[in-house]
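Chemist: sequence first, predicted coordinates after that:
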Number of protein chains: 2
Amino acid sequence: MFRARYTASVGPSWISYAQGVPTLRIALAQANPTVGDLAGNRERARALVAQGAAQGADIVALPEMFLTGYPVEDLALRPSFQAASRAAAEGLARDLAADGLGDTVVIVGYLDRLDAAPDQLGRPRGAPVNAAGVLHGGAVVARYCKHHLPNYGVFDEYRYFVPGEQPCVIRVRDVDIAIAICEDLWQDGGPVAQARGCGLLVVINGSPYERNKDDVRLDLCRGRAVEGGFALAYVNMVGGQDELVFDGDSLLVGADGDPIARSAQFVDDLLVADLDLPTGSRPDALVIEGAEPLRPPVTPLVAPRLTDAAEVYGALVTGLRDYVDKNGFASVILGLSGGIDSALVAAVACDALGPDRVFAVSLPSDYSSQHSRDDAVDLANRTGLSLRTVPIAPMVDAFQSQLHMAGLAEENLQARVRGVTLMALSNAEGHLVLATGNKSEISVGYSTIYGDAVGGFAPIKDVPKTLVWELARWRNAQAESRGQTPPIPERSITKPPSAELRPGQVDQDSLPPYDLLDDILDDYVERDRGAQELVGAGFDPVMVEHALGLTDAAEYKRRQYPPGTKISLRAFGRDRRLPVTNRWREST
Amino acid sequence: MFRARYTASVGPSWISYAQGVPTLRIALAQANPTVGDLAGNRERARALVAQGAAQGADIVALPEMFLTGYPVEDLALRPSFQAASRAAAEGLARDLAADGLGDTVVIVGYLDRLDAAPDQLGRPRGAPVNAAGVLHGGAVVARYCKHHLPNYGVFDEYRYFVPGEQPCVIRVRDVDIAIAICEDLWQDGGPVAQARGCGLLVVINGSPYERNKDDVRLDLCRGRAVEGGFALAYVNMVGGQDELVFDGDSLLVGADGDPIARSAQFVDDLLVADLDLPTGSRPDALVIEGAEPLRPPVTPLVAPRLTDAAEVYGALVTGLRDYVDKNGFASVILGLSGGIDSALVAAVACDALGPDRVFAVSLPSDYSSQHSRDDAVDLANRTGLSLRTVPIAPMVDAFQSQLHMAGLAEENLQARVRGVTLMALSNAEGHLVLATGNKSEISVGYSTIYGDAVGGFAPIKDVPKTLVWELARWRNAQAESRGQTPPIPERSITKPPSAELRPGQVDQDSLPPYDLLDDILDDYVERDRGAQELVGAGFDPVMVEHALGLTDAAEYKRRQYPPGTKISLRAFGRDRRLPVTNRWREST
């Protein structure tokens, strides 16, 4: 811990606008870092601070772990990365001073390390902390370490960090400001309780998007502000990182709980607002003095919230775009069957990347219907993506001449020939392959491993089938309302879903109706309700046992499924971890 | 917590053999549960207790989470499973009483639940505990909850359990006995410190195998016994569970630290020994009285330790056998190239399952050498596994007639045609497909996703290439020393490794020599050493950057690789978690 014992004197004392009521201008930098790109994130932070300073901000706050990106997973344990992250924070402070921005107080998240002994097993893992650095006058003048470490859902922060124990209060423009990081805000006690007596609590966040959160963040911020008697600034990351999407939604509330400013979701933003706050009196505050900037008053933005469908669609677009761009792919490729899943993925991809970067392949077999082929062409025409056709019969025949497969083995063979074809085109042309499975299919294992499941990313893997239809309708309606061509052919939305791997096949031959199935899966997968509870809630016992049994048996397939954007309370992957070898079966 | 306030009186008081020195007979049941198979594990426990009682044991101790299997991962969070596990413990106690074994004191691990409020997010996750139940007289008479929850490496116990806070001491045959669970033994303070004053500490474990542990368990047990002045009984699980293998190695040491008894590794065992222990005086001991069994003295087993190679090979055999059997597969199938990796996997599979359950396919292409085909046939003859040949040229040609691939895309196409063929045979005939990649390849991405990487299980994924050769030589030497035919053709061991995906290709065209590569990967993957540290240790900077860069870039492939047995300090998978989207590259 190297906070305290710092007094800068780099200019005249600040003057408040109103007598006895200091006015603080804060800028919340809702921005999109890339994991591991310390140099790039540092340059981005430097530019954001310059923008904030140009708008007269006294303080610029950037998200949790902004300099490293978030989450960095096991990189947090690597001494070379810990050292490089600390150096990035110190380097950023120096850069800002060199830019003449040393007076601006910057709060930024990064990975740091307590200089302590190795852990109890003698491993040289050090003692990493999830830190917020306070940068001023060319140096990191204070450091706050996250107290409450989330260790549920997608979070494993007990694995990665040791908890901080000290509050961190700074005094800027005579206002006492406490700092907290993400989970700290959600837990009673700790830094939020310790912020009492401050004028402002600044919370830096890496808070992932989840559906149906019902504006819980705003409610929480309002409640905490009123409880503690301080204004509250909440700055969140935007952008995608593997399975996670951060939606931003940064906001400021007054000590009365009233919203003052709010950023839109899924976009970069610099949210600037003035706060009239009481003069500080905390004896433990680190006093930071600086120059008086010139500044006319600002009118803070209060962005409206998105609708549920727009929010989910925005998450899918952001998740895919950032996976593609941050991993350096120029383009994506997917199999376009004419069905609704690949149609929605194609629409999301065109919105994320532009149709010039989207390549599709129609891979018809003898069982493919004419309307499916037509619908694929129709979608290509509507969106402008590139479509080519590769009939799979010759390859399937070559396998069959040696292997003579029938039934399910033959169905899987067709799917795998399609998978090999997509991967070959990916290898030859450099596209990222997209898997087009939805959450309902992936739950019950209604997909072919190494077949339709191939891909580097699976944009809709956390979207249940019923929501796939809803999003398709929503996206088409959006286009219509703007006078644009709806991207998805109507027939792809209305026709009964089919894998077309044998004549006349439809999904409902093997599965319960999707509206019922999705209800059951929501209860089982996302809420951990057992079979008896489901039957008690009125579901048919046979259907429950069928759906749960299929879901349990498909664990091995999910283990090898590509990552995709999490939108639900519990996504498959790091959010829901079950053994493959598992004889537990729910019984009614 | 339902311990305390229990006094059984189901027979006359016990009589010690030596005046003032009670003799306790303990049986450590080193056994193999199956995750989720509550009924099966319970029946197995019942049989083991009967065996122990028949040998006159006062106490039978079974491993950590034996009734549920271990680790159960997110099943721990499911209320229906928590309830079923508690019911299994209570049911086992009743079964034992019905069997006339109510006097035997049983210590057994299971999942239980603190009846507490939902967690801080309002989720109905309950408060699961990693519990040891004390069963006696038809009931669970005491419960100990694990205090120290490991949350590193493969362990996520902060996610799954709340920590216990109370010690649990029982008095059996006048001896005070404390209970602890696995990680508790490794940590200073807590239950081990609280056991002071007891005659015996019983530690039940689910402690996975790792190479090069150098008998650290025995040293720990000796140290703890001397420190606390008590005898120590350590009972560990055996068997495989997905990536993990438990090696058993159960043991007993006296209060002077001297070993009294020890089970062999990787085998089921009931380790029975007599202990002369001081009369108990702990005021908090739960007194358990019972009948005096008839018993001649026993001579405890002290099994010798395996050599390093035998240990690793035993782990691989156990891990594969249990994955296959616990998942209900009758047989396995693998591609047999004539190279060393598939040869070792075949040998392990034959040892694990018997050659009748092992099916192999030679999948020659135009680039396959005659010696490779011959070596595959030779291995089949040596081991007795079933081999068939499916030339891949017709399928590759069918793809090529439409796709015209060259270079790496053509190489991958061949590997994927092989993958599709193995999967087709798996679908048609029900075999589990084995992937044959080794850790060196999987590190640097020298494998084809959906090609040679297909499979439900990857037996040697955590075995570096140099160790692959060592194990192959060891296995052949073992056979020779027993007068058996060595399973692996000598040429498969001695020839330069090649993927044979283009004419004259050898691995060393693209990769550093394996002895150097494995040294670098050991430092980087297992020990988190950065590039500068590696160069400081004397490695060539160009080679370091090359190997580390390849390893970082292959993360997306590893994410979709099948699970396989962990033998190292840090295996790929849940043991090493890195983001796919990650621009951090180590530089020298």
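Modeler: Sure, I can see it.

Chemist: so which bits of the stretch 451-588 of chain A are right by chain B?
Modeler: Within reach of chain B by C-beta under 8 Å from any C-beta of the partner chain, the stretch 451-588 of chain A has these residues: A:454, A:456, A:527-533, A:556, A:559-563, A:574, A:576-586. For every residue, glycine as well, the C-beta is placed using N, CA and C.

Chemist: buried subset of those residues?
Modeler: With burial judged by 16 or more other C-beta atoms under 10 Å in any protein chain shown, the buried subset of those is A:454, A:456, A:528-531, A:533, A:556, A:559-563, A:574, A:576-584, A:586.

Chemist: spatially central residue in chain A, please.
Modeler: Of all residues in chain A, the one closest to the mean position by C-alpha atoms, centre = their mean is residue A:245, 1.3 Å from it.

Chemist: element containing that one?
Modeler: Using DSSP states H and E, residue A:245 sits within strand A:244-247.

Chemist: now do residue A:528
Modeler: Judged by DSSP H and E, residue A:528 forms part of no helix or strand.

Chemist: in which helix or strand does the closest residue to residue A:316 other than its chain neighbours reside?
Modeler: Leaving aside its chain neighbours, residue A:316 sits nearest to residue A:348 (4.9 Å; criterion: C-beta to C-beta, 6 or more residues apart in numbering or on different chains). Using DSSP H and E, the element containing residue A:348 is helix A:340-353.

Chemist: and that helix, how far out from the chain's middle?
Modeler: Its chain's C-alpha centre and that of helix A:340-353 lie 18 Å apart, by C-alpha atoms, centre = their mean, to the nearest Å.

Chemist: same for it, what does it pack against?
Modeler: Judged by 3 or more C-beta pairs under 8 Å, 6 or more residues apart in numbering or on different chains; DSSP states H and E, helix A:340-353 is in contact with helix A:308-326, strand A:332-335, strand A:358-362, helix A:370-383, helix A:465-481, helix A:490-494.

Chemist: just name the most buried of the ones you listed.
Modeler: Across the helices and strands packed on helix A:340-353, averaging neighbours per residue (mean count of other C-beta atoms under 10 Å in any protein chain shown) puts strand A:332-335 on top, at a mean of 26.

Chemist: using PDB, list the CA coordinates for it.
Modeler: Extracted C-alpha coordinates of strand A:332-335, given in PDB (Å, rounded to 0.1, in the frame of the first residue of the first chain):
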ATOM      1  CA  VAL A 332     -16.700 -14.200 -40.600                       C
ATOM      2  CA  ILE A 333     -18.200 -17.200 -42.300                       C
ATOM      3  CA  LEU A 334     -21.300 -19.200 -41.500                       C
ATOM      4  CA  GLY A 335     -23.500 -21.900 -43.000                       C
END
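
Chemist: contacts for it?
Modeler: Identification of contacts with strand A:332-335 by C-beta atoms under 8 Å, 6 or more residues apart in numbering or on different chains yields A:320, A:324, A:342, A:345-346, A:349, A:353, A:357-363, A:418, A:422, A:425-426, A:429, A:431-434, A:436, A:452, A:455, A:457.

Chemist: and the residue lying closest to residue A:95 once chain neighbours are set aside, what element?
Modeler: Setting aside the residues directly before and after it, residue A:95 is nearest to residue A:46 in space (C-beta to C-beta, 6+ apart), at 5.2 Å. Using DSSP H and E, residue A:46 sits within helix A:38-54.

Chemist: right, and the helix or strand after that helix?
Modeler: strand A:59-61.

Chemist: by contact count, what packs against that next one?
Modeler: Where contact means 3+ C-beta pairs under 8 Å, 6+ apart, strand A:59-61 is packed against strand A:23-30, helix A:38-54, strand A:105-114, strand A:200-205.

Chemist: distance between it and the chain's centre?
Modeler: On C-alpha atoms, centre = their mean, the centre of strand A:59-61 falls 23 Å from that of its chain.

Chemist: tell me which helix or strand comes right after that strand.
Modeler: Downstream of strand A:59-61, the next assigned helix or strand under DSSP H and E is helix A:79-98.

Chemist: buried residues, that next one. List them.
Modeler: Quick answer for helix A:79-98 (16+ other C-beta under 10 Å): A:79-86, A:88-93, A:95-97.
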